[in-house]
Structure formats: structure tokens, C-alpha cells
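Asker: here is my input; please provide its structure:
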Amino acid sequence: MPRTVVTGAAGFIGSHLSEALLKRGHSVIGVDNLITGDLANIAHLRDQDFQFIRHDVTQYIDIDGPVDCVLHWASPASPIDYLLLPIQTLKVGALGTHNALGLAKAKNARFVIASTSEVYGDPLEHPQRETYWGNVNPIGPRGVYDEAKRFAEAITLAYHRAHGVDTKIVRIFNTYGPRMRLHDGRAVPAFMSQALRNEDVTVFGDGTQTRSFCFVSDLVDGILRLMESDTHDPVNIGNPHEVTIEQIARTIISLVGSTSRIVYRPLPQDDPKQRQPDITRAQTLLSWQPQVELEEGLAKTVGYFKSKLAAEAR
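Answerer: Modelled structure (predicted):
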């Protein structure tokens with residue numbers, strides 16, 4: 001039975017990863033300091049071969065016994081979080097990644113890190129290929145996240161080259177689904193929670209900036225395929241179907257039958273104007289491509305948000 005450590009296990013993607021690994025027969029050790037994670041996301045895993053350790057991975061990570069794989073998913077991931085927690089975001093990207101890599105090295109374990117499309121910044125190449133070096137403002141407010149992830153990629157490949165650690169880098173594009181927080185701040189949860197309350201739906205900028213939304217089950221499938229592959233180069237995992245922010249807002253309003261109207265606010269500094277993955281590498285190396293259409297994924301997500309809003313109202 002493979003024994004796998006997932007940092008950030010109580011987060012949105014981390015909890016789905018932990019669940020999928022358990023279904024594949026892994027014994028999972030989830031590590032999270034709960035700064036943005038939620039124990040409710042992993043409560044249903046407690047009666048399985050799942051152990052939870054509350055720990056800040058910017059401190060030394062001590063795991064007894066053998067470890068076959070380390071999946072490093074610990075980090076604030078939404079603009080609201082990393083703008084509120086800039087130092088913590090930088091520390092988990094640097095010190096946390098160093099400690100997670102140290103664990104993988106000590107245990108002779110495979111290592112997979114959650115990188116992000118934000119390493120491309122506000123891209124001058126479209127769609128974005130893994131060979132693109134990006135257009136990032138290192139001292140802007142978003143730089144704390146972007147540069148933390150760029151450093152995390154650099155130290156990950158340094159451990160591969162210098163120490164022979166079997167490393168994988170997944171560059172995650174916009175992902176959505178159940179277990180996102182109501183007040184996450186990213187487009188889908190923000191629009192969905194506002195539309196379900198019949199409040200104004202807030203679009204930043206003029207709404208013409210684009211994103212490519214991937215349902216979480218597709219993302220997890222891609223991550224696990226990458227984990228089991230023999231590639232060490234970064235791989236984009238995301239849905240190449242590109243939509244404008246205004247289109248996604250209108251789709252969600254229509255889906256929930258809301259009376260909400262769209263209101264426009266100034267675009268935050270360094271907010272990317274375009275975001276679309278080139279997934280040729282994932283298709284070629286992993287035989288992966290997304291299966292869930294946007295409307296289908298949103299329909300699967302809206303029930304979760306309805307239940308969360310009902311619980312919040314009680």
C-alpha cells in the first residue's frame with residue numbers, strides 16, 4: 001500500500017486529492033495548519049486510512065515510517081488570501097517547499113508540487129505553453145504568490161538535479177468545484193454566492209479578460225497521471241476552453257435563476273488579461289484532457305454552494 005503525504009490536505013484541491021488517493025488504495029497523511037483549510041473538507045475521510053496532522057510546513061516536517069510520495073499543496077491560493085497573508089504565502093512557497101522536498105529526499109519519495117498558471121503573470125504569449133517564461137511583476141501586490149511559486153519550481157528542479165529526487169511540477173489553471181469557500185474571492189465562488197443571494201454580481205474590469213475553468217475532478221485526474229509519469233518538466237493542467245469573465249458571470253446568473261445584475265469595479269493591479277493553457281504536453285505525455293463541460297461542472301458545484309449558504313444562514 002503506497003503511503004502518501006499531502007500538505008494542504010484540508011484545502012479545496014488538497015482534500016479532493018486526498019480522497020482520490022484513498023480510492024486508489026493509498027494510505028494518506030494529511031498535513032495542514034488550517035490557515036485557509038477547513039477540517040470539514042476532510043471530515044468524511046476520517047473513517048478511512050487517513051491520518052491528519054495539524055502542522056505548519058514552514059517548520060520541519062517529521063513523519064514516522066516510510067513515505068512513497070509527497071504532494072505539496074500547502075499555500076494560500078486566492079488573491080484575497082495571499083494579499084491578506086503576504087509573508088505566510090512567501091514562506092510556504094519557499095520554506096514550506098524546502099521542507100517538503102527535504103522530507104521527500106529523506107524518505108526517497110516521489111515529489112509533486114502544485115505550481116500555478118500565475119507563474120506566467122499577465123502573459124504576452126497566448127495560449128500559454130510551459131516553455132513561456134512569463135511576464136510577472138515581482139514587486140507588485142500579486143508578486144508574493146507569483147514569485148513564491150516561481151521559486152518553488154526552481155528549488156524543486158534543483159532538488160531533482162542535485163539530489164536525484166523524482167520531482168513533478170503541475171501548473172494549475174483556474175479550477176472550481178465543491179469545497180471552495182463562499183468567500184474565497186475567486187470568480188466562480190464569488191459569482192455563485194452573490195447570484196444565489198440575488199445580490200449584485202461584481203465583475204472587476206470591463207469583463208473582457210478571459211479565464212479557462214477546469215472542474216476539480218479533471219484536475220485531480222491530471223495530477224495523478226503526472227504523479228505516475230516519468231516526466232520532470234512542468235506540465236499545464238487546465239481546461240483550454242476560454243471564456244470571458246462577463247460570460248462566466250452571466251452563465252452562473254442564468255444557471256441559478258438569479259435576479260442579480262452585474263456591476264463593474266476597477267481591475268486590480270497586475271490582474272491577468274488572458275489565461276488559457278496549451279495542454280499539448282499533458283495530452284502527449286499523460287494522455288490527459290478535461291472531460292467535464294463548463295455548464296456540467298457549474299451544475300455540480302451549485303448544489304454545494306446552496307448547502308453552504310443554508311448552513312451559514314442557520
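Asker: do a quick rundown of the helices in the protein.
Answerer: Assigned by DSSP state H, the helices in the chain fall at 12-23, 79-84, 86-91, 97-107, 143-163, 187-196, 216-227, 245-256, 280-286, 294-313.
Asker: now do the last one against helix 216-227, angle only.
Answerer: Here helix 294-313 runs at an angle of 110 degrees relative to helix 216-227 (axes from the mean of the first three to the mean of the last three Cα atoms, to 10 degrees).
Asker: what distance separates helix 294-313 from the centre of its chain?
Answerer: Its chain's C-alpha centre and that of helix 294-313 lie 19 Å apart, by Cα atoms, centre = their mean, to the nearest Å.
Asker: tell me which residues of that helix come out buried.
Answerer: By 16 or more other Cβ atoms under 10 Å, the buried positions in helix 294-313 come out as Leu294, Gly297, Leu298, Lys300, Thr301, Val302, Tyr304, Phe305, Lys308. All C-beta atoms are positioned from the backbone trio N, CA, C, and that covers glycine.
Asker: which residues touch that helix?
Answerer: Taking contacts as Cβ atoms under 8 Å, 6 or more residues apart in numbering, the residues outside helix 294-313 that touch it are 176-180, 182, 188-189, 192-193, 196-197, 213, 215, 239, 241, 243, 248, 251-252, 255-256, 292.
Asker: now with 7 Å?
Answerer: Under the contact criterion Cβ atoms under 7 Å, 6 or more residues apart in numbering, helix 294-313 has outside partners 176-178, 182, 188, 192-193, 196, 213, 215, 241, 251-252, 255-256.
Asker: and stretch 166-176, end to end?
Answerer: 29 Å (Cα to Cα, to the nearest Å).
Asker: you'd agree Thr89 is up against Ser75?
Answerer: Yes: assessed by Cβ atoms under 7 Å, Thr89 is found in contact with Ser75 at 6.5 Å.
Asker: settle it for me: which of those two has more neighbours?
Answerer: Using other Cβ atoms under 10 Å as the criterion, Thr89 and Ser75 rank with Ser75 on top: 31 against 25.
Asker: look up how far Ser229 lies from that one.
Answerer: 23 Å (Cβ to Cβ, to the nearest Å).
Asker: quick one: Ile237 and Gly207, what's the gap?
Answerer: For Ile237, the distance to Gly207 - Cβ to Cβ - is 26 Å.
Asker: again but with Leu255, I slipped
Answerer: Distance, Leu255 to Gly207, by Cβ to Cβ: 17 Å.
Asker: repeat that for Phe50.
Answerer: According to Cβ to Cβ, Phe50 and Gly207 sit 41 Å apart.
Asker: one more: Gly164?
Answerer: Here Gly164 is placed at a distance of 48 Å from Gly207 (Cβ to Cβ).
Asker: one more: Thr97?
Answerer: Thr97 is 35 Å from Gly207, by Cβ to Cβ.
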